[in-house]
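# curious how this folds, go ahead:
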Amino acid sequence: MTREKKQVDMLHGSLADKLILFALPLALSSILQQLFNSADVAVVGRFAGSQALAAVGANVANVGVFVNLLVGMSVGPNVVIARLIGQGKEEEVSRAVRTVIAMALFIGVGLMVLGWCIAGPLLEMTNTPDEVLAGAKLYFRIYIIGVPFITLFDFGTAILRSVGDTKRPMYVMLISGIVNVLLNLFFVIICHMSVSGVALATLISNILSAGLILYLLTKEESSIRWQMGSLALDLGYVKKVLQVGIPSGFQGMIFSLSNIFIQSGINSFGASTVAASSVALNFEYFAYAVSSAFAQGAVTFVSQNFGAKQMERCRKIYWLALAEGMGCTALLSLVFTVKAHWFAGIYTTEQEVVEIAVIRMLHVMSLEALTVTYEVTAGTLRSIGYQLIPAVFTVLGTVGLRILWMYTVFRRVPTFEMLMNVYPVSWVFTGATLMSAYFILWRRMMNRQN
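This is a model prediction of the structure:
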């Protein structure tokens, strides 16, 4: 594959087709990554029973904290390298790439140690049912060993994404996902390892995906090429990456922390509801992957054009990402909700679990497209230099509003359906406030330039 085919010219020509061709492979990559955990849920649900399913499901929100933190932080390398490319500073890109890989190693190891230490207290804090607590701790501690490899994969794909290459990371996830499913079946059915088996399969798959991404970077012919063992910490680039990545990662982490509060409410309904919620959550993540992909598209395309000072193209990218993202997310969500019973039945044969899962899918997924409003807007704001505002409004709209809902509305009407309603309510609030901020800040920025 030639350099021209792997990279996308974001500074010239049409935008609508390039944006969707960039975003769809990225969405498929995220879906495949989510299939790591989905395969765990499906295999234990089918072959190890509801107790093992609940043990894995109890970790969905906790694992999401680390995954979303890293995905958010990977926006930093994406923005910094894409801006350098837009500015035509290809000589500096190589130094930035070496810095990003070194940062991934340091951050990944640090988070692994932290996760291992807090595994028990975190699961106990969220009221994980006693009968599944031991299995849940075991799964989380094995999973967390793979965090350095997840970090390398996320940061490595951010480097490739900065030049428009989203197809090869998708192929990497496809290979790793197939390996994960095969190992799940082997460890659980043949070796009878249950929860530990699916966790080990995910760990091995994460190692494989990180190794493949690093290999691709060593074979690059452009300025983003990385030489094996070539690490550097250029403090200037460390600062720039963290200025973008920390607020973005904080936003993703806070978003997941709010889900931990909701998970404590779900846990109060018992093991069947925990298992059912983990089943439904897989499909929400699939639809959210589409929303996030168009947000990442907005980040990359806007960053390059902002670096090249092409402001009109930046504005067009924002509106195209909103329209295409909402349309694609709504379409996938519709497929899942129309056939909710069938999809839920993939993960479990217990009818009670299926019925509860369908309730969550209908209450949450019917409005999943609303997530595009705040994801794309937040990504665009970061690309034009506003880092803290998206994080602040996300904290208000997720943690603040959702905790308020838990202690007011849900306490007054303590049903599973009412608990699920908090998701669309928080999406409307967060999207509306962030879009309002975008219009004000964009107008102010354009007035200063004029």
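# what residues does the helix or strand containing residue 344 touch?
Residue 344 is part of helix 340-345, with elements assigned from DSSP states H and E. Residues from elsewhere that reach helix 340-345, judged by CB atoms under 8 Å, 6 or more residues apart in numbering: 276, 279, 280, 283, 336, 353, 354, 357, 358, 361, 362. Backbone N, C-alpha and C define where each C-beta goes, glycine included.
# the third one: neighbouring residues, count only.
Other residues near residue 280 come to 28 when the count uses other CB atoms under 10 Å.
# equivalent analysis for the second one, please.
Other residues within reach of residue 279, judged by other CB under 10 Å, total 30.
# what bits of this protein have low per-residue confidence?
Residue ranges of the chain with pLDDT under 70: 1-6, 33, 35-41, 46-50, 61, 126, 255-257, 450.
# in it, which spans are strands?
With DSSP state E as the definition, the chain shows no strands.
# among the contacts of helix 340-345, which ones are buried?
Neighbour counting with 16 or more other CB atoms under 10 Å marks 276, 279, 280, 283, 336, 353, 354, 357, 358, 361 as buried within the contacts of helix 340-345.
# let me know the closest of those to residue 155.
residue 283 (27.6 Å; CB to CB).
# could you pull out the helices in the stretch 201-350 of the chain for me?
235-267, 271-307, 311-338, 340-345 (DSSP state H, counting those that start in this stretch).
# could you identify the most distant pair in the contacts of helix 340-345?
Distance extremes for the contacts of helix 340-345: the farthest pair is 336 and 353 at 16.6 Å, using CB to CB.
# so who does residue 267 touch?
With CB under 8 Å, 6+ apart, residue 267 has these contacts: 58, 126, 127, 128, 129, 273, 274.
# and which of those is nearest to residue 245?
Residue 245 lies nearest to residue 126 out of the contacts of residue 267, by CB to CB, at 26.8 Å.
# any idea how many residues pack against the closest residue to residue 156 other than its chain neighbours?
In this structure, residue 156 finds its nearest non-sequential neighbour in residue 213, 3.7 Å apart by CB to CB, 6 or more residues apart in numbering. Neighbour count for residue 213, taken as other CB under 10 Å: 24.
# any idea how far residue 299 lies from residue 134?
Counting by CB to CB, to the nearest Å, the gap from residue 299 to residue 134 is 41 Å.
# the more surrounded of these two?
Taking neighbours as other CB under 10 Å, residue 299 and residue 134 compare with residue 299 leading, 30 against 13.
# the more buried one reaches residue 77, doesn't it?
No - between residue 299 and residue 77 there is no contact under CB atoms under 8 Å: 10.8 Å.
# can you pull the contacts of residue 299?
So residue 299 contacts 75, 78, 79, 82, 379, 380, 382, 383 (CB under 8 Å, 6+ apart).
# try 10 Å this time
74-75, 78-79, 82, 158, 161-162, 244, 248, 317, 321, 375-376, 378-383 (CB atoms under 10 Å, 6 or more residues apart in numbering).
# which of those are buried?
Buried members of these, counted by 16+ other CB under 10 Å: 74-75, 78-79, 82, 158, 161-162, 244, 248, 317, 321, 375-376, 378-383.
# what's the burial count for residue 349?
Here the number of neighbours of residue 349 (other CB under 10 Å) works out to 11.
# can you report phi and psi for it?
Dihedral angles of residue 349 (phi, psi; degrees, to the nearest 10) stand at phi -100, psi 0.
# cool, and residue 308?
According to degrees, to the nearest 10, residue 308 has phi -90, psi 0.
# what sits against the nearest residue to it once chain neighbours are set aside?
Spatial nearest neighbour of residue 308, excluding adjacent residues (CB to CB, 6+ apart): residue 86 at 4.4 Å. Listed by CB under 10 Å, 6+ apart, the contact set of residue 86 reads 10-11, 162, 300-310.
# quick check, nearest of those residues to residue 20?
Using CB to CB, residue 301 comes nearest to residue 20 of the contacts of residue 86, at 11.3 Å.
# so that closest one is in contact with residue 16, correct?
No - in this structure residue 301 lies outside contact range of residue 16 using CB atoms under 10 Å: 11.1 Å.
# need the overlap of contacts for the two.
Counting by CB under 10 Å, 6+ apart, the residues touching both residue 301 and residue 16 are 316, 317, 320.
# reformat these as JSON lines; add distance to residue 345.
Below are those laid out as JSON lines (distance: CB to CB, whole Å):
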{"residue": "316", "distance to residue 345": "43"}
{"residue": "317", "distance to residue 345": "40"}
{"residue": "320", "distance to residue 345": "37"}
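# ok, of the residues you listed, which one's closest to residue 227?
The nearest one, if we look at the shared contacts of residue 301 and residue 16 relative to residue 227 and count by CB to CB, is residue 317, at 33.0 Å.
# would you quantify the distance from the closest one to residue 379?
Look at residue 317 and residue 379: by CB to CB, they are 10 Å apart.
# how deep is residue 300 tucked in, by neighbour count?
Using other CB under 10 Å, residue 300 has 32 other residues around it.
# excluding chain neighbours, what is closest to it?
Nearest to residue 300 is residue 82, by CB to CB, 6+ apart, at 5.2 Å.
# thought residue 204 was touching residue 176?
Yes - at 9.0 Å, residue 204 counts as touching residue 176 under the criterion of CB under 10 Å.
# what about residue 335, neighbour count?
Counted with other CB under 10 Å, residue 335 comes out at 14.
# check residue 298 too.
So residue 298, with other CB under 10 Å, has 31 neighbours.
# before we move on, what about the one 5 residues further on?
In terms of burial, residue 303 registers 30 neighbours under the definition other CB under 10 Å.
# now swap in residue 446 and tell me
Close neighbours of residue 446, defined as other CB under 10 Å, add up to 11.
# distance check, it against residue 434.
Between residue 446 and residue 434 the computed distance is 18 Å (CB to CB).
# name the nearest residue to residue 305, ignoring sequence neighbours.
The nearest residue in space to residue 305 (CB to CB, 6+ apart) is residue 313, at 4.5 Å.
# isn't the one you found up against residue 9?
No - applying CB under 10 Å as the test, residue 313 and residue 9 come out as separate, 11.9 Å apart.
# quick one: which of those two has more around it?
residue 313 (19 against 11).
# so the more buried one versus residue 18, what's the distance?
With CB to CB as the criterion, residue 313 and residue 18 are 11 Å apart.
# what is in contact with those two at once?
Going by CB under 10 Å, 6+ apart, residues that sit against residue 313 and also against residue 18 are 10, 12, 301.
# drop anything exposed from those.
The buried subset of the shared contacts of residue 313 and residue 18 - by 16+ other CB under 10 Å - is 10, 301.
# and the shared contacts of residue 313 and residue 18 as CSV, adding distance to residue 150?
What follows is the shared contacts of residue 313 and residue 18, written out as CSV (distance: CB to CB, whole Å):
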residue, distance to residue 150
10, 27
12, 35
301, 25
